[in-house]
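Enquirer: Turn this into a model:
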Amino acid sequence: MRLATEFLRLPIRFDAAILREEVESLPESAWRPHPQGFAGNAGLPLVAAHGDPGNERTWGPMLPTPQLDALPRIRQLLAALDCPIGRSRLMRIDGNAEASTHTDLDYYWQGRLRVHVPIVTTAAVRFECGSAAVHMRAGEVWVFDTTQAHRVLNPESSRRIHLVIDTVGSAALFALLEDARNAVPDRA
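Expert: From the prediction side, this is the model:
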């Protein structure tokens with residue numbers, strides 16, 4: 001969704017340590033290669049078309065995958081956002097890797113926000129969008145303008161994991177966006 005600015009940090013936080021513990025309990029076999037084939041990137045579907053973790057479609061009923069059943073804290077986080085939850089997954093970038101520059105311009109993105117909740121990160125990880133760059137701290141909640149060129153750089157040796165949630169939004173989420181618009185920008 002096009003935004004008036006590249007990034008907005010929402011005025012809410014989650015306990016990243018609890019989320020990290022939950023994520024680290026997942027088996028490596030649950031992770032899948034990044035759908036766009038970015039080297040060093042993997043995803044773990046949590047909400048997918050028909051609840052099928054192998055279904056990368058952006059249409060159809062979006063239902064929890066079996067992996068989400070094992071993550072009660074992440075289910076609580078999704079509920080706390082108080083909005084319709086679309087395709088959602090954990091996205092991992094290995095150390096010394098990146099999610100290459102791309103834009104999300106197809107029809108799906110015209111009416112959807114992408115929410116990021118960093119769970120595992122280091123201070124060196126940078127998310128670039130348009131002419132801006134930020135470090136998203138663990139536990140923060142961010143949205144960004146998916147129509148602008150964006151990428152994520154992880155120059156450290158450790159992995160970075162974000163919970164990534166697609167949504168059409170809600171009155172509650174749009175109120176948080178408005179609060180974020182009125183806050184001082186947090187640039188890296």
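Enquirer: which residues does the residue minimising distance to the centre of the chain bridge with?
Expert: In the chain, the centroid-proximal residue (C-alpha atoms, centre = their mean) is residue 164; its distance is 2.1 Å. Beta-bridge partners for residue 164, by DSSP bridges, are residue 89, residue 116.
Enquirer: That one touches residue 92, doesn't it?
Expert: No. Residue 164 is beyond contact range of residue 92, at 10.4 Å (criterion: C-beta atoms under 8 Å). (Glycine included, C-beta is placed from N, CA and C.)
Enquirer: list the residues that contact both of those two?
Expert: Common neighbours of residue 164 and residue 92, counting by C-beta atoms under 8 Å, 6 or more residues apart in numbering, are absent.
Enquirer: Who are the packing partners of the lowest-mean-pLDDT helix or strand in the chain?
Expert: Across the helices and strands of the chain, the lowest-confidence element by mean pLDDT, DSSP states H and E is strand 97-102, at a mean of 86. Applying 3 or more C-beta pairs under 8 Å, 6 or more residues apart in numbering; DSSP states H and E, one finds that strand 97-102 makes contact with strand 150-154.
Enquirer: Just the buried positions in the strand it packs on, please.
Expert: By neighbour count with 16 or more other C-beta atoms under 10 Å, strand 150-154 contains the buried residues 150, 152, 153, 154.
Enquirer: Can you list the strands that it pairs with?
Expert: strand 97-102 (antiparallel), strand 126-129 (antiparallel).
Enquirer: And that strand, how far out from the chain middle?
Expert: Per C-alpha atoms, centre = their mean, to the nearest Å, the displacement of strand 150-154 from the mean C-alpha position of its chain is 13 Å.
Enquirer: Not counting its own residues, what contacts that strand?
Expert: Outside strand 150-154, the residues touching it (C-beta under 8 Å, 6+ apart) are 93-103, 122, 124-130, 144, 160.
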